[in-house]
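Sharing a sequence plus its predicted fold:
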Amino acid sequence: MTSTLPPLDLPPIDKAPLRRRRRRAIAVQIACVLISLFMVVPMILIGLAAVSSPQALLEFPKPLIPSAFSADTLLAFVQATGTIPALGNSLLVGVYTVVLSLLVGAPAGYALARQVFRGKDAYQVFMLLARALPIVVLSVPLATMFLNSGVYDTVFSVTLLHTTLAMPTTVLISASIFVSVPTDVEEAARVFGCGRFEAARRVVFPLALPGLAASSIFTFVLSWNEILGAAVITLGHRTLPAQVLASLGEAPQAYRFAGGFALILPALVFIFVMRRYLVNMWGTTLR
């Protein structure tokens, strides 16, 4: 004889938390798309205007897609007086700023991550004061100092200014990256005969390379886009943003669009080259 059990009355499944979670995910995706469009659409419009013909730029009302494409706008900008030297100055300043910031900021970030000392938190807040001050407050005293020392209107002076601006974030980003590197790995290297400096060079810094790459992206973009300080401390050796700013008053519309596109493109190329390290850093953080 087989006995049949009565069916169990299970409570209904509450799907409200799942629906709320799905709505939050959709809202986050929509917000990401809107923020991306907010940043990308102006760059696309500037790029389209830069490759438009001078006649198409004068059309009214302007269509979203130019009626005629031409390289004359970009060629006129490239052939303008001072554009190529200013482009070279910007590239040199950006690279020098990245190198100098990492040479000084990475060891400082390593010290903040590994050492404990009195006033450590106050020191980190104090470093951020350089970013809180307006650029004019820094550039005018530095211009006076550069005039007295004979380095005014040089690539070196702009590099020092941009390094001053980038140093706080470089130190703090580097410190946060070095904190994520386990101390056990460094101690194991020292057990196997490495000194403190050699363990940091062979073990810690390679593991922190993605974070240092992210810091270099921020530093290069900051240096490339900085305009007011470079305009104050240079006259004949301007960077490209300072050169474009000095020419805006009397430049035609085509020059302005081409100049904006020229200011965007190198930073995008640098980010594209370094994106692999940045994605690696995010992947490590998420794991």
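Perfect, I can see it now.

Distance from stretch 71-87 to the middle of the chain?
Relative to its chain's centre, stretch 71-87 lies at 25 Å (CA atoms, centre = their mean, to the nearest Å).

and what of stretch 87-99?
For stretch 87-99 - counting by CA atoms, centre = their mean - the centre lies 14 Å from the chain centre.

and that stretch, which residues are buried?
Within stretch 87-99, the residues scored as buried using 16 or more other CB atoms under 10 Å are Leu87, Asn89, Ser90, Leu91, Leu92, Val93, Gly94, Tyr96, Thr97, Val98. Where you see a C-beta, it was placed from the backbone N, CA and C, and this is true even at glycine.

With stretch 61-68 instead?
Those would be Pro66, for stretch 61-68 by 16+ other CB under 10 Å.

mind checking how far Ile13 is from Gly119?
Distance, Ile13 to Gly119, using CB to CB, to the nearest Å: 56 Å.

ok, back up a step: reformat the buried residues of stretch 87-99 as a markdown table; add distance to Arg114, pLDDT and secondary structure.
What follows is the buried residues of stretch 87-99, written out as a markdown table (distance: CB to CB, whole Å; pLDDT from 0 to 100; DSSP: H, G, I helix; E, B strand; the rest coil):
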| residue | distance to Arg114 | pLDDT | secondary structure |
| --- | --- | --- | --- |
| Leu87 | 40 | 85 | helix |
| Asn89 | 37 | 89 | helix |
| Ser90 | 35 | 88 | helix |
| Leu91 | 34 | 88 | helix |
| Leu92 | 33 | 90 | helix |
| Val93 | 31 | 91 | helix |
| Gly94 | 30 | 89 | helix |
| Tyr96 | 28 | 92 | helix |
| Thr97 | 25 | 92 | helix |
| Val98 | 23 | 91 | helix |
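
Return the closest of these with respect to Met39.
Gly94 (20.6 Å; CB to CB).

what's Leu138 in contact with, if anything?
Ala130, Leu161, Thr164, Leu165, Gly229 (CB atoms under 8 Å, 6 or more residues apart in numbering).

Highest neighbour count among these?
Leu161 (25 neighbours; other CB atoms under 10 Å).

for that residue, phi and psi?
phi -60, psi -50 (degrees, to the nearest 10).

what sits against it?
Leu138, Ser139, Leu142, Glu226, Gly229, Ala230, Ile233.

Which members of those are positioned in strands?
Among these, none falls in strands (DSSP state E).

Show me the shaky parts of the stretch 101-250 of the chain.
249 (pLDDT under 70).

residue ranges of the helices in it, please?
Counting by DSSP state H, counting those that start in this stretch, the stretch 101-250 of the chain has helices at residues 120-127, 129-132, 135-149, 155-180, 183-191, 196-199, 205-207, 209-225, 228-233, 240-247.

So which of those helices is nearest Gly82?
Closest among the helices of the stretch 101-250 of the chain, once you apply CB to CB, is helix 240-247, at 5.4 Å.

Now that closest one: buried residues?
Leu240, Pro241, Ala242, Gln243, Val244, Leu245, Ala246, Ser247.

What about Leu74, how many residues nearby?
Neighbours of Leu74 (other CB under 10 Å): 17.

in the host helix or strand of it, what's buried?
Element membership for Leu74, per DSSP states H and E: helix 72-78. By neighbour count on 16+ other CB under 10 Å, the buried set for helix 72-78 is Thr73, Leu74, Ala76, Phe77.

I'd like the distance between the residue nearest the centre of the chain and Arg256.
The centroid of the chain falls nearest to Phe218 when counting by CA atoms, centre = their mean (2.5 Å). Relative to Arg256, Phe218 is positioned 27 Å away (CB to CB).

got it, and Leu268?
19 Å.

Please say which of those two ends up with more neighbours.
Neighbour totals were compared for Leu268 and Arg256, and Arg256 leads with 19 against 11 (other CB under 10 Å).
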